[in-house]
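Novice: attaching a predicted model along with its sequence, questions to come.
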Amino acid sequence: MQVCSSWFVAIAAAVVLASGCSGGSGGPGTPSRHSVGGGVSGLEGTGLVLQDNAGDDVTVNEDGRFTFATPVAQGATYAVTVKSQPRARIPTGLITCSVASGTGTMTSADVTNVAVTCNTTALFIASAGTNGYALWKTDGTAAGTMMVKDINPNALTAFSGALYLHGADATNGDGLWKTDGTTTGTVMLKDVNPGSGTSAPQPFTAVNGVLFFRATYGTSGYALWKTDGTDGGTVMVKDINPACDSSYPGLTAFNGAAYFEAFDVTTGCELWKTDGTDAGTVMVKDINPNGDSSPTFLTAFNGAIYFRASGRNYDYELWKTDGTDAGTVMVKDIDPTGPSYPSALTAFNGMLYFKASGRNYDYELWKTDGTDAGTVMVKDINPTGPSYPSDFAAFNGALYFQASDGTNGYELWKTDGTDAGTVMVKDIDPTGPSYPSTLTTFNGMLYFKASDGTNGEELWKTDGTDAGTVMVKDINPGGDSVILGPENFTAFNGALYFQASDGTHGYELWKTDGTDAGTNMVIDINAGAETGFCGFDVCFPPPSYP
C-alpha cells in the first residue's frame, strides 16, 4: 500500500508540474489568450464600427474605451480597422476615424493602447465671388476650408455615409447629387427630370434605410420619390395627383413610415403616409371631408404623430395619429370660438409644448400629454395680449424660448412646465425687445443672438441665470453682426460655428469657444465686403437653378 501511494503521489506531482509549465489558461500546451481594446476620441456621432481580424466587430457611439469580445491567442496577430464610419450628429457632417497602434502580435498581456481618432468635416454652401454658390467644406481651420465642387447646391442631408443634395452644374444640369466630401466623389446620382427642366429634389427624410424626397418630373408637378443611393434605386414612389403638385415639403419619420401632407383632387390636402411602395402610400384619414385639413408641424411624440389640422367644424386645432383612420383624432378644441393655430410643437420632459391661441388668452405657452384634460395653458405670460412664445430649446432641465410679457418686450424666458416656474431669464434690453432667437446648446451653455439696445444684434450665451446671461462678443462694434438662421448654428470639433458680419467683411463663417478672444472669423471666403458663407444645409435665399 505504501508503494502504490508513493507511485500515485509521484504521478500527481508530475501532472501538476506539467500544467504549471503550459503557459496559459487553455490547458496543457494551449497559449494564453488576451483581449484587444483601446480608446476613441473626437467622436461627434454614432454608429462607428471597429473590426479586429476581419471578423470581430464592436460598435462605438461615444468617446471612451472599447474592448473586442474575442480574445487573441498569444503569438497570434491582431489587426484593428474601421469597418464603418460613424454618422455625424450635425446635419451636414462627415466623420472620418482612423486607427493607430492597431496591429501587432499578441504578447502575454491585454492590448489596451489601440487609438482611434475621429475628425468631423462640415459641408456648407458658399460663394467665393467667382463661381457663384458652390459646395464647400471645413474642419474649422482656414487651411481646412475649401471648395469641394462648383455645383450650386442646396438642401444638404446626411444619409448612409454620404451627403445628398439638390445640385446643378453646366454639364449635368439640375438633379439629385451625392458627395463623400471629395471633388471626385461629388457626382450626380440621377437626373430626375431629364432635359432643361428643374427637378428640385428636396427636402429629404430617411426612414428604414431609404431616403424620401419630393421632386418634379415632366409635367406632373411635385411627387414623392425615394433613393437607396443608387441610380436604379432612385424612383418615384407615387404620383398622388398626376395633374399637378401632390406632395408638399417635409416628411416626418414615425413607426417605420414617413408621414406628410399631400393633395389629390378628391380629398384635397390631407395627411398621408408611405412605406416606400406605391400600394403602401395611402391617405391616413380625410380629416376635413368638406375641404383641406392642411396638416402641418408634424411631430413624433409619445407613440403618435402630433400636428395642426383643420377638421370639419374645429378650425385649426391640435390633432394626433397612430397611423390609422380611427386613431387620428383631435386632441383638444383649444379655442371653441375659432382656430387656436397650434405651432412650434416641441417635446420636453415627457410633455409636448407649443404655442396656441385659447379663448381670451391670445397666443400663449401650452403643453399636452396627449389627452384633452392634459392639454393646458402653462402660463398667461402676457395678461393684456399675446406673448407669442417661439424659438423653443431644451437646456439644463428647462425649456427656453422667446416671449413678451407686455411690459419688457420680447426677451429670453424659461419654463419647468409650471406657472410659477415660467419666468423671464433676463431683460437683455431694458429699453425695448431684445428678440433672442436661434437658441442652440453648446458646451454646457445656451447660445443665441440678441440685441441689448446698445451693441446691436450680437452673439449671447446663458447658463439660465440673469448674471450668467452675457454677450459673448460685440462682433460688429456700433452695428448688428446679424447672425442669421438657426440652421447656421452648428457645433463640431470643439467649437460653435455660425454666420456673421463684422461690418468690414460680408457674412462669413465664424466660430466661438464661448469667449471673446475665442470668437473669430474662420476664413474670408468672399474677400471684401461681399457675403461668402450662406449656410450649412440650406441657403437663404436659395441659389438659382438653371
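Specialist: Now that the structure is in, tell me what you want to look at. Residues are numbered from 1 along each chain as shown.

Novice: which pLDDT does the model give the closest residue to Gly280 other than its chain neighbours?
Specialist: What sits nearest to Gly280 in space, not counting adjacent residues and going by CB to CB, 6 or more residues apart in numbering, is Thr274, at 6.1 Å. (C-beta placed from N, C-alpha, C; glycine too.) The model reports Thr274 with a pLDDT of 94.

Novice: partner residues bridging Thr274?
Specialist: Beta bridges link Thr274 to Ala258, judged by DSSP bridges.

Novice: count of neighbours near it?
Specialist: 25 (other CB atoms under 10 Å).

Novice: now the one 3 residues further on
Specialist: The criterion is other CB under 10 Å. On that basis, Thr277 has 10 neighbouring residues.

Novice: now do Thr184
Specialist: There are 8 residues near Thr184, going by other CB under 10 Å.

Novice: kindly report the same for Thr30.
Specialist: 13.

Novice: ok, it to Thr440 distance?
Specialist: Distance, Thr30 to Thr440, using CB to CB, to the nearest Å: 56 Å.

Novice: repeat for Asp480
Specialist: Asp480 is 19 Å from Thr440, by CB to CB.

Novice: neighbour count for those two, which is higher?
Specialist: Neighbour tally, Asp480 and Thr440, criterion other CB under 10 Å: the higher count belongs to Thr440, 19 against 16.

Novice: what sits against the more buried one?
Specialist: Contacts for Thr440 (CB atoms under 8 Å, 6 or more residues apart in numbering) come out as 393, 446-448, 486, 489, 491, 496.

Novice: JSON lines for those residues, including neighbour count?
Specialist: Formatted as JSON lines, the contacts of Thr440 follow (neighbours: other CB atoms under 10 Å):
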{"residue": "Ala393", "neighbour count": "21"}
{"residue": "Leu446", "neighbour count": "25"}
{"residue": "Tyr447", "neighbour count": "24"}
{"residue": "Phe448", "neighbour count": "26"}
{"residue": "Pro486", "neighbour count": "16"}
{"residue": "Phe489", "neighbour count": "22"}
{"residue": "Ala491", "neighbour count": "21"}
{"residue": "Leu496", "neighbour count": "23"}
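
Novice: can you lay out the residues you listed as a markdown table showing pLDDT?
Specialist: Below are the contacts of Thr440 laid out as a markdown table (pLDDT from 0 to 100):
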| residue | pLDDT |
| --- | --- |
| Ala393 | 97 |
| Leu446 | 98 |
| Tyr447 | 97 |
| Phe448 | 95 |
| Pro486 | 54 |
| Phe489 | 90 |
| Ala491 | 94 |
| Leu496 | 96 |
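
Novice: so which of the residues you listed belong to strands?
Specialist: 393, 446-448, 491, 496 (DSSP state E).

Novice: return the member of the residues you listed nearest to Met330.
Specialist: Using CB to CB, Ala393 comes nearest to Met330 of the ones in strands among the contacts of Thr440, at 27.8 Å.

Novice: what about the nearest residue to that closest one once chain neighbours are set aside, distance to Asp452?
Specialist: Distances taken as CB to CB, 6+ apart put Leu439 closest to Ala393, at 3.6 Å, once the chain neighbours are dropped. Leu439 is 17 Å from Asp452, where distance means CB to CB.

Novice: then Thr121?
Specialist: 35 Å.

Novice: hang on, Phe159 packs against Lys226?
Specialist: No - at 11.1 Å, Phe159 does not count as touching Lys226 under the criterion of CB atoms under 8 Å.

Novice: by mean pLDDT, which helix or strand of this protein comes out lowest?
Specialist: One helix or strand of the chain scores below all others by mean pLDDT, DSSP states H and E: helix 2-20, with a mean of 41.

Novice: quick one, longest strand in this structure?
Specialist: Every strand in the chain considered (DSSP E), the longest is strand 111-127.

Novice: other SSEs contacting it?
Specialist: Applying 3 or more CB pairs under 8 Å, 6 or more residues apart in numbering; DSSP states H and E, one finds that strand 111-127 makes contact with strand 36-41, strand 48-52, strand 77-84, strand 93-100, strand 133-138, strand 154-159, strand 490-492, strand 533-535.

Novice: tell me what Glu270 is bridged to.
Specialist: Ala262.

Novice: cool, Tyr222 as well?
Specialist: Bridge pairing for Tyr222 - DSSP bridges - gives Thr216.

Novice: same question, the one 4 residues further on
Specialist: Listed by DSSP bridges, the beta-bridge partners for Lys226 are Phe212, Val235.

Novice: burial measure for Leu156, as a count.
Specialist: So Leu156, with other CB under 10 Å, has 27 neighbours.

Novice: surely it meets Tyr133?
Specialist: No - when contacts are counted by CB under 8 Å, Leu156 is not listed as touching Tyr133 (12.0 Å).

Novice: just list the residues touching Val80, thanks.
Specialist: 36, 38, 50-52, 68, 99, 102-103, 114, 116.

Novice: got the contact list for stretch 221-241?
Specialist: So stretch 221-241 is contacted by 159-160, 162, 164, 176, 178, 189-190, 192, 200-201, 209-217, 220, 243-248, 260, 262-265, 272, 274, 276-278, 281 (CB under 8 Å, 6+ apart).

Novice: do the same with stretch 413-426
Specialist: Contacts for stretch 413-426 (CB under 8 Å, 6+ apart): 348-349, 351, 353, 365, 367, 378-379, 381, 389, 397-403, 405, 408, 411-412, 462, 464-466, 469.

Novice: among the residues you listed, which ones are in helices?
Specialist: Among the contacts of stretch 413-426, DSSP state H puts none in helices.

Novice: now, of those, which are buried?
Specialist: 348, 351, 353, 365, 367, 378-379, 381, 389, 398-403, 405, 408, 411-412, 462, 464, 469 (16 or more other CB atoms under 10 Å).

Novice: low-confidence ranges in the protein?
Specialist: Along the chain, segments meeting pLDDT under 70 span 1-29, 196-197, 219-220, 242-249, 314, 482, 484-487, 540-546.

Novice: just to revisit the earlier point, out of the contacts of stretch 221-241, which sit inside strands?
Specialist: 159, 162, 164, 176, 178, 189-190, 210-216, 247-248, 260, 262-264, 272, 274.

Novice: residues contacting the residue nearest the centre of the chain?
Specialist: What sits nearest the mean C-alpha location of the chain, by CA atoms, centre = their mean, is Pro91, with 4.8 Å. When contacts are counted by CB under 8 Å, 6+ apart, Pro91 touches 156-158, 487, 490, 536-537.

Novice: Cys269 too?
Specialist: Cys269 touches 248, 261-263, 292-295, counting by CB under 8 Å, 6+ apart.

Novice: so which of those residues comes closest to Gly385?
Specialist: Nearest to Gly385 among those, with distances taken as CB to CB, is Ser294, at 26.7 Å.

Novice: can you tell me how far the closest one sits from Cys269?
Specialist: 5 Å.

Novice: so who does the closest residue to Asp463 other than its chain neighbours touch?
Specialist: Setting aside the residues directly before and after it, Asp463 is nearest to Met445 in space (CB to CB, 6+ apart), at 5.9 Å. Met445 sits next to 461-463, 514 when contact means CB under 8 Å, 6+ apart.
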